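1. coords below, sequence missing:
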């Protein structure tokens, strides 16, 4: 891939503070396949999966 991107392997990466899902760090998350085709886009308001894909969201039960 020639696009600049951050590949995150762990939600506890210290570069992102306490949570990967912190909106102070990102305005959106775009998920692509290996060919670069967008599979989903997630922002603070909505999740937009490509046709044939699902976005699963899990509540914090703490």
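-> Arrived safely, thanks for sending. This structure is a prediction, so every number in the text was calculated from the model and none was measured.
2. what's next to the helix or strand of the chain with the lowest mean pLDDT, contact-wise?
-> The least trusted helix or strand in the chain, going by mean pLDDT, DSSP states H and E, turns out to be strand 28-32, with a mean of 86. For strand 28-32, the external contacting residues (Cβ atoms under 8 Å, 6 or more residues apart in numbering) are 38-43. C-beta coordinates here come from the backbone N, C-alpha and C atoms, glycine included.
3. With neighbour count, secondary structure and pLDDT added, can I get the residues you listed in a markdown table?
-> A markdown table is the format used below for these (neighbours: other Cβ atoms under 10 Å; DSSP: H, G, I helix; E, B strand; the rest coil; pLDDT from 0 to 100):
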| residue | neighbour count | secondary structure | pLDDT |
| --- | --- | --- | --- |
| 38 | 13 | strand | 90 |
| 39 | 14 | strand | 91 |
| 40 | 15 | strand | 91 |
| 41 | 16 | strand | 90 |
| 42 | 17 | strand | 86 |
| 43 | 13 | strand | 84 |
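4. of these, closest to residue 23?
-> The closest of the contacts of strand 28-32 to residue 23 turns out to be residue 43 (Cβ to Cβ; 8.7 Å).
5. Check residue 13 and give its pLDDT.
-> Per-residue confidence for residue 13 comes out at a pLDDT of 60.
6. quick one: which helix or strand includes residue 23?
-> According to DSSP states H and E, residue 23 maps onto no helix or strand at all.
7. related to what we said a few turns ago, the contacts of strand 28-32: which two are farthest apart?
-> 39 and 43 (14.9 Å).
8. Parallel or antiparallel, which strands does the least confident helix or strand of the chain pair with?
-> strand 38-43 (antiparallel) (DSSP bridges).
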